[in-house]
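> okay, here's the prediction I keep looking at, along with the sequence it came from:
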2 protein chains.
Amino acid sequence: MSSREKHDRMANAIRFLSMDAVEKANSGHPGLPMGAADIATVLYTRFLKHDPANPHWHDRDRFVLSAGHGSMLLYSLLYLSGYEDMTIEQIKNFRQLGSKTAGHPEYGHAAGIETTTGPLGQGLANAVGMALAERIMNAQFGDKLVDHYTYVLAGDGCLMEGISQEALSFAGHLKLNKLVVFWDHNNISIDGPISLADSTDQLARFAASGWNTLAIDGHDPEAIAGAIEAAKRSDRPTLIAAKTTIGFGSPAKAGTNKVHGSPLGAAEIEATRKALGWEYPAFEIPSDILDAWRLAGLNSAKKRNDWEKRLAETETEIRAEFERRMRGDLPAGFDAAIADYKKKLAADKPKVATRKSSEMALEVINGVVPETIGGSADLTGSNNTKTSQTKPISAEDYGQRFVHYGIRELGMCAAMNGMSLHGGVIPYSGTFLCFSDYARPAMRLASLMGIRVGFVMTHDSIGLGEDGPTHQPVEHLAALRAIPNHIVFRPADATEAAECWQLTLENRTTPSTLALTRQNLPAVRTEYVEENLCGYGAYELATADGDAEVTIFATGSEVEIALDARKLLQAAGHPTRVVSVPAFELFEQQSPEYRKAMIGNAKVKVAIEAGIRMGWDSFIGTDGIFIGMHGFGASAPIEELYKHFGITAEAAAQAATARLQA
Amino acid sequence: MSSREKHDRMANAIRFLSMDAVEKANSGHPGLPMGAADIATVLYTRFLKHDPANPHWHDRDRFVLSAGHGSMLLYSLLYLSGYEDMTIEQIKNFRQLGSKTAGHPEYGHAAGIETTTGPLGQGLANAVGMALAERIMNAQFGDKLVDHYTYVLAGDGCLMEGISQEALSFAGHLKLNKLVVFWDHNNISIDGPISLADSTDQLARFAASGWNTLAIDGHDPEAIAGAIEAAKRSDRPTLIAAKTTIGFGSPAKAGTNKVHGSPLGAAEIEATRKALGWEYPAFEIPSDILDAWRLAGLNSAKKRNDWEKRLAETETEIRAEFERRMRGDLPAGFDAAIADYKKKLAADKPKVATRKSSEMALEVINGVVPETIGGSADLTGSNNTKTSQTKPISAEDYGQRFVHYGIRELGMCAAMNGMSLHGGVIPYSGTFLCFSDYARPAMRLASLMGIRVGFVMTHDSIGLGEDGPTHQPVEHLAALRAIPNHIVFRPADATEAAECWQLTLENRTTPSTLALTRQNLPAVRTEYVEENLCGYGAYELATADGDAEVTIFATGSEVEIALDARKLLQAAGHPTRVVSVPAFELFEQQSPEYRKAMIGNAKVKVAIEAGIRMGWDSFIGTDGIFIGMHGFGASAPIEELYKHFGITAEAAAQAATARLQA
C-alpha cells in the first residue's frame, strides 16, 4: 500500500465514522468531517504534538475545531488516535443523552476537546487566546517547558462572523506565529454557495492584518504537510486556505449544502462506500488502519518523555510554580494578602468608585498572584484594570501582564476564555457594562464550560451620567444574572470589591462578572470581618433598631441609598434593616434556613437597584416595593438622573412609609 | 476672503461650538468634531442633499455619525445648516436632562439625527441597511422618486469592532455603490495610539471585500471634495480614508488621546482660539459664517422642489403607494387578510412547528404587504422566513424581497434597523434564538429608537434537540424580555403565530422578537375569534370546569403541555384553567383589572416554560410552581430532553396535586 493509499484509507476512516454516526443519530453534520478528513489526518498523524495516553500534558499542541458542527471529525480523531475515554460506544451514541459525543464539542465531556464550539467564530478567538497564553507562559518559563502550537479548523461561517475580524486582527498585531488556522474552504454554507452572501477575498483580508497566507488543495496530503511546515517557519500567524469538497466522497451530494447538516441516508452512504472502496460495516475500522492511527497517536510519546525529563530537571522552585499555575491553584499568600488588605480598608474607609476599589484590590492581588493577566477593550483608564505590576504585552514582549485588546469586546472575552482553557494564566479584562451585550456570546460559553474568567464591567448604571442611554445599562444586570453558572458581583464599597475579587479568583468552575461604578461610593463596611461576607451572596449589613418593620435589599451604588433610607425610616420610628446583595447566584446556593433568615419577616420589603426589577421578586415578593429603573436612561449629570428616575433615599423611605400605613 | 479661508472659518465654527459645548457640559468628546470638521463642512455644504426646512424629505441623502461620541459634530452641523429644532440653546444644553443634544445622538430627539449611535460600529451597519433600502425602493419606484446617497463617518473604533467586517463584506457583496464611508483616520483611541492594539491595513481589508478605496488628507477641502466626487462615480461602495488630527487646532492636545473624551479646559480653549484666529466668545458664530452655512443649507432646495414636482406628476396610484410606504402605514387589505387566514386556520387546525406557522402567516402577509423584506443569517430553511413572494436580492437585482444576510447576526440586525429607519420597507429576518446573543446590541438599539423590526428567532428551546446546549436557548427569553420597549412573542400555534405577526407589523414604535419552535405543535386555538387575543399579552385559553383550584400559565410549545396537565388535573377532580402568555410586555400594558382577572385566585399557580424562571414570579408569585429549566440543556432527541428536564404534563400535574394536598 503506497503512503497515499494509506493516507486515503486513514482519512476515509474519519469519513465513515462520521457519516455512520450521523446516520445512526439521524441528526448531525457529516459534510465537514468528510471534507476536512484529509487535513485532519495529516495534522493528527504527522504534526500534532499530543499524547492520547496523557491527554492533559501541559505542553501539548492545542487543536480547536472552530466549526463545531463538524464535531464527528474531532470525535473520530480522538477515537482513532487512542484517547481512552472516546470509545467506539461513544461514537455510536453520538448526540444521545449522557454521551460524551454531544452535537457540538463540549469542553469537559472528553479529553482532547480543548474548548466548546458551535457558535461560529468563537473557536478561532479562543485559539487566539490559547496562542497568546502559550507565548506568555513561554516568556516566563522558557522553551524547555512551554513551546507548542495552536491549530484551528475554521469554516466559511467562522470567517463571516464579525468576531473573526476581531480575532485575526488581534492575532496579527501580536504576531502570534504559533497559531495556524486551516480555513476549510468548501464554499458551501447552509443556504447554498457562499456566493449567495459573500465575495470576500479572505487571503487578502488576513494579509491586511499581517498574517502569513497560503492556499492549497485540501485533499492533497503533501500539500497540507508542506503548508504546515511553512506555517511553522513563519514569523506571523498563518492562514492555510484549504480548498475542500464538502461531503467528499458522496457521489450525489458532495459539494452541495445537502450534505452540510443532515444524514446522507442509507442509499447514499452505500454509494459512498462503493465510491471510496470502503468495504467495512458501520463503525468497523479495519485493524491495519486502526493500528496505523494508534501508532500515529504514539508519535509524540518521546517528546512527552523528553519534556517530563526537562520538567524533572527544572529548578524545584520554578517547577513547583509552573505546576501550581497549570493546576490553577492560587499562591499560598493569597488569603493572607486579602485579609491584610481588608484590615487596612476597615481603617481607611476610602470613598472611591468601585471601579477604583476594584483596581485597589487588583493591586493587592496582582502583587501576590503572578499569573493574572489584565486588560481592557480600549477603556484602560475607565475600567481601572491596570495596576502597577502590569505593563503592556506586545509582539516584542510577551513577558508582561496587561493586554490592550482593542475595541473588540467579543473577541476579547473569547480570547480570555481561550487563555483560561490553556491554563497557567488567570485572565481578567473589561469594558463598560452596557457593552457586555457585545461580549455576551463568549460570556455564555465561559459559563457553559465552567471556567475561571473575570469580566470587569464598569460604568454599571445611569450613574455614568452624561453619556446617556446608549451607554447606560438598565437590563444588563438581570440579563447577565439570567445566564446559568455565571456569578454577577455588584460590590457596594472597597471591602466588598475585595471580597468579590477573592471569590472570583477562588471560583475555578464559574466565570464572574464584576459590575462596578463610575461614581464614588462611601465605605459601607466599616469594621474588619475575617469572613468573606460577599460569599453568602446576601448578608445583613445594618440591623434594625428593634423588630424590623422594613427590610431594604440593595446592591452596589444603591446600598448607600438604602442606608440613608434606613436612617430616615428609623428616625420616623420604623425599625429598618439593610441587606446587601452582592451576588444573587451565591445567595441561591445558601441553605434554606440562611435564605429565610436573610429575607426576614418585615412587613415591608424594598429593593433598590438602578436597573430593572426582573429577578428581584425572589427577595421582595411580587408585592414588594422596587425602587429602580422602568425603561431606558437619559443623558444628564448623575445627581439629576437619580432624582429624575426616583432612585433616592427619600423616595424609598416615602414608599415604605406609605406601605406601612396602608 | 479666499474660498479656503471661508472653508476654514466654517469648519472652525464646528470646532468651537463643539469644544465650547463640551466645556460647558464639563463632559463630552471634543476631539472628533475638531478633527472631522473639514470633512463634515465639505460634505454638508457642497454635497449633502438635504433640506433643513424639510428635514424628513424622503429623497434626502442620509448621514450617519457612526462614531456617535462625536455627537457635537452632528449637532453643530444641524444648528449651522439651519435645522429649526437645533437651536443655540440646545447646543448650550449639551448633555443636560431633557435636551435634544444628548451625550450620543438619539434618534427622535431632533430632525437630522438619522439613527442612534454610540455603541461602535453599529452606525456603519445601519448605513448599509439604509443604502440597501434605497436600492430596493429605487428598484420599485425609479430614479425619479428614489435616488440618494448614504454617507457615514466612522472612527478607528468602528473599524476595529467585528460588526464592521460583517457590514463591509455584506455591502461589498451587494455592490452598494451609493454608500460612502469616511474613515476618520486619526490614529488615536481612548487608550492612546491605535498601534497599541491594531496594525490592520484598512484599505486592503475593504478592498478585499470589493470596495473602492481612497486615501486623502482629511484637512484638505479640495481633496475631500475630489474623493466624494470619485466615490459618486464608483460602481462599488467607497471607503475614503481621511487622515485627520484628533483635536485639530488645539496647540497642546491635538493628535493625542487627551482630547478624545474630556473637555479641553479653559486655558487650552483660549490657546486654540488664538491658534485658529477665532475671536468670538463661546457659542457665538459671526454672522458672515452663519450666513454662509445657512446659505449652504439651502443648496438642495431646488432639488427638493424638482423632486416634489416629480412626485406630483407621478401616476396617482404609484404616488399613493410610495407615500403610504414612506408613512409606514399598512395597506388597506391587511386586517381582512389576517382575518380570512385565521378563519382558515380555525377550520384546518394545522399541527406544525411555529417556525412553519410563522412562514404560513408570512405567506399571507407578504401577499398583501409588498414592503416586507425577509431574510436570514444563513438559516433560510430553518428560520422559514422565505415565502413564495420573496426571491433573493442581489447586486444584479435589488427589486426582490429576500436577503441572504450571511452568517452575520449582528450586522444583519443592525442593517435591518437601518432599513426600518430609512423607511419604505419593513424588514424581518432570522437566526436561532440562541444566537440572539450575537445580535443583542442591535436589538437593544432598535428598542431604544422605537422602530419596527421583526426579529425571527427559531429553535427557541431545548426542543431543538441534538444540537445541544450551545444551540439551546435557556436564558434568552428572559434576557430579551429584560430589554425595555421590546416585545418578545412566543406563539403556541398557527393562530397565535398569525396574531403575533399582525401585532409585529402594526406596532410601529416597538421592535418585536418572535420566538418559534423547531418541533411540531398542535392547534390550541380551535375556534375563530376576530379579536387579536395575543394583543392582551396573556389570555384564558381553557377555562376550569368549576372553580379553578389550579391555574397554569405557559407559552409557545409548553401550552400543549399545560393543556395536557389540565386534563390530568381535572380528571383527578381539580378544576384547572390554562392561560396562554404569548407576550409578557403586552400583558403588563393591560388594565389592573384585566391583569388581576387573568392571574386569578386559584390556590395553586403553575408556570411552564422551557426556559429559566426569571420573570415568571409576576404571574405565579414567589411560591408558585415553576416547571422549566434550571441550567443549561443537553444534546439528545427532544422527547428525552423534555422528560430528562422534567418538563412534562405529568410532572406539572403531580407538582400541582402535591401542593393542593399540602
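Now that the structure is in, tell me what you want to look at. Note that this is a predicted model, so its numbers are computed, not measured. Numbering: from 1, shown residues only, chains lettered A, B, ... in the order given.
> residues from the stretch 451-600 of chain A in reach of chain B?
Selection of the stretch 451-600 of chain A residues close to chain B by Cβ under 8 Å from any Cβ of the partner chain yields A:465-471, A:474-475, A:478-479, A:481-485. Backbone N, C-alpha and C define where each C-beta goes, glycine included.
> top of those residues by number of neighbours, please.
Using other Cβ atoms under 10 Å in any protein chain shown as the neighbour criterion, residue A:479 leads those with 30 neighbours.
> send me the longest helix along chain A as CSV with only the CA atoms.
Looking across chain A with DSSP state H, the single longest helix is helix A:3-25. Written as CSV, here are the backbone C-alpha positions of helix A:3-25 (Å, rounded to 0.1, in the frame of the first residue of the first chain):
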residue,chain,number,x,y,z
SER,A,3,1.7,6.0,1.6
ARG,A,4,-1.0,7.9,-0.4
GLU,A,5,-3.3,4.9,-0.3
LYS,A,6,-2.7,4.5,3.4
HIS,A,7,-3.4,8.2,3.9
ASP,A,8,-6.6,7.9,2.0
ARG,A,9,-7.8,4.9,4.0
MET,A,10,-6.9,6.6,7.3
ALA,A,11,-8.9,9.7,6.2
ASN,A,12,-11.7,7.5,5.0
ALA,A,13,-11.9,6.0,8.5
ILE,A,14,-12.9,9.5,9.7
ARG,A,15,-15.4,9.9,6.8
PHE,A,16,-17.2,6.7,7.6
LEU,A,17,-17.2,7.0,11.3
SER,A,18,-18.7,10.4,10.8
MET,A,19,-21.4,9.5,8.3
ASP,A,20,-22.3,6.4,10.1
ALA,A,21,-22.6,8.1,13.5
VAL,A,22,-24.7,10.9,11.9
GLU,A,23,-26.9,8.3,10.2
LYS,A,24,-27.4,6.3,13.4
ALA,A,25,-28.2,9.5,15.4
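> now it: mean pLDDT?
For helix A:3-25, the mean pLDDT works out to 98.
> likewise stretch A:494-502?
Rounded mean pLDDT across stretch A:494-502 is 98.
> residues making contact with it?
If you take Cβ atoms under 8 Å, 6 or more residues apart in numbering or on different chains as the criterion, stretch A:494-502 is touched by A:334-335, A:338, A:341-342, A:345-346, A:350, A:352, A:354, A:357-358, A:360-362, A:364-365, A:454, A:489, A:491, A:512, A:514, A:516, A:523-525, A:532-535, A:580, A:582-583.
> now, those residues that are in helices?
Using DSSP H, the subset of the contacts of stretch A:494-502 located in helices is A:334-335, A:338, A:341-342, A:345-346, A:354, A:357-358, A:360-362, A:364-365.
> how near is the closest residue to residue A:17 other than its chain neighbours to residue A:421?
Take residue A:17 and drop its neighbours on the chain: the residue closest to it by Cβ to Cβ, 6 or more residues apart in numbering or on different chains is residue A:76, 4.3 Å away. Distance from residue A:76 to residue A:421, counting by Cβ to Cβ, to the nearest Å: 22 Å.
> ok, the two, which is more surrounded?
When neighbours are counted by other Cβ under 10 Å, residue A:76 comes out ahead of the other of residue A:76 and residue A:421, with 28 against 23.
> in a helix, that one, correct?
Yes: counting by DSSP: H, G, I helix; E, B strand; the rest coil, residue A:76 is found in a helix.
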